[in-house]
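J.: Provided below are the primary sequence and the corresponding predicted coordinates.
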Amino acid sequence: MAEIIQERIEDRLPELEQLERIGLFSHAEIKAIIKKASDLEYRIQRRTLFKEDFINYVQYEINLLELIQRRRTRIGYSFKKDEIENSIVHRVQGVFRRASAKWKDDVQLWLSYVVFCKKWAAKTQLSKVFSAMLAIHSNKPGIVKSLSIFLHFI
């Protein structure tokens, strides 16, 4: 288990180095991000999984994305978005995928996943989420109706 978590933390290093290099975060902030991320990774890798741990991890990553956006706006730096934000978005999608696979019946979790994909312009993933959600919850007319209304506004 520790090897998987260590690998995931190492996968984050290029984006964290980029954040430090361009001046969005200090070295101390990067160390705090690594510590918090490894704690959250350990929580979602346990033998007994809790939905709250996945939600906390997703919320932490979303807050980090929003902080990066605010700091980008403040200093006027708009480069390297592919290397930084997109990798975080993909990581959040992976956590959402794992959580929605584990708790298939949780409609609120699915809807949170949909909102995230829409907000961060992940239209390909949004299509996959809709398909998976409709495959599981096709017997619930309220969801089908709300998704069709939601699709109309995309």
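T.: Everything's here; your move.

J.: and the residue nearest the centre of this protein?
T.: In the chain, the centroid-proximal residue (CA atoms, centre = their mean) is V92; its distance is 1.8 Å.

J.: and the helix or strand that contains R91, what does it pack against?
T.: Assigned by DSSP states H and E, R91 belongs to helix 81-102. Other helices and strands packing on helix 81-102, by 3 or more CB pairs under 8 Å, 6 or more residues apart in numbering; DSSP states H and E, are helix 2-21, helix 51-75, helix 107-119, helix 123-136. Yep, even glycine has a C-beta here, placed from its N, CA and C like the rest.

J.: mind checking the pLDDT average for the longest one?
T.: When the per-residue pLDDT values of helix 51-75 are averaged, the result is 96.

J.: any weak-confidence spans in this structure?
T.: Scanning the chain for pLDDT under 70 picks out the ranges 144-154.

J.: then the helix holding R91 to PDB, C-alphas only?
T.: What follows is helix 81-102 as a C-alpha-only set of coordinates in PDB (Å, rounded to 0.1, in the frame of the first residue of the first chain):
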ATOM      1  CA  LYS A  81      -1.900  25.300 -17.100                       C
ATOM      2  CA  ASP A  82      -1.700  21.900 -18.900                       C
ATOM      3  CA  GLU A  83       1.100  20.800 -16.600                       C
ATOM      4  CA  ILE A  84      -0.500  22.000 -13.300                       C
ATOM      5  CA  GLU A  85      -4.300  22.300 -13.400                       C
ATOM      6  CA  ASN A  86      -5.000  19.500 -15.800                       C
ATOM      7  CA  SER A  87      -3.100  17.000 -13.800                       C
ATOM      8  CA  ILE A  88      -5.000  17.900 -10.700                       C
ATOM      9  CA  VAL A  89      -8.300  17.700 -12.600                       C
ATOM     10  CA  HIS A  90      -7.400  14.200 -13.800                       C
ATOM     11  CA  ARG A  91      -6.500  13.200 -10.200                       C
ATOM     12  CA  VAL A  92      -9.800  14.400  -8.900                       C
ATOM     13  CA  GLN A  93     -11.600  12.500 -11.700                       C
ATOM     14  CA  GLY A  94      -9.800   9.400 -10.700                       C
ATOM     15  CA  VAL A  95     -10.900   9.800  -7.100                       C
ATOM     16  CA  PHE A  96     -14.400  10.400  -8.200                       C
ATOM     17  CA  ARG A  97     -14.300   7.300 -10.400                       C
ATOM     18  CA  ARG A  98     -13.200   5.200  -7.500                       C
ATOM     19  CA  ALA A  99     -15.800   6.600  -5.200                       C
ATOM     20  CA  SER A 100     -18.600   6.300  -7.700                       C
ATOM     21  CA  ALA A 101     -17.600   2.700  -8.400                       C
ATOM     22  CA  LYS A 102     -17.700   1.900  -4.700                       C
END
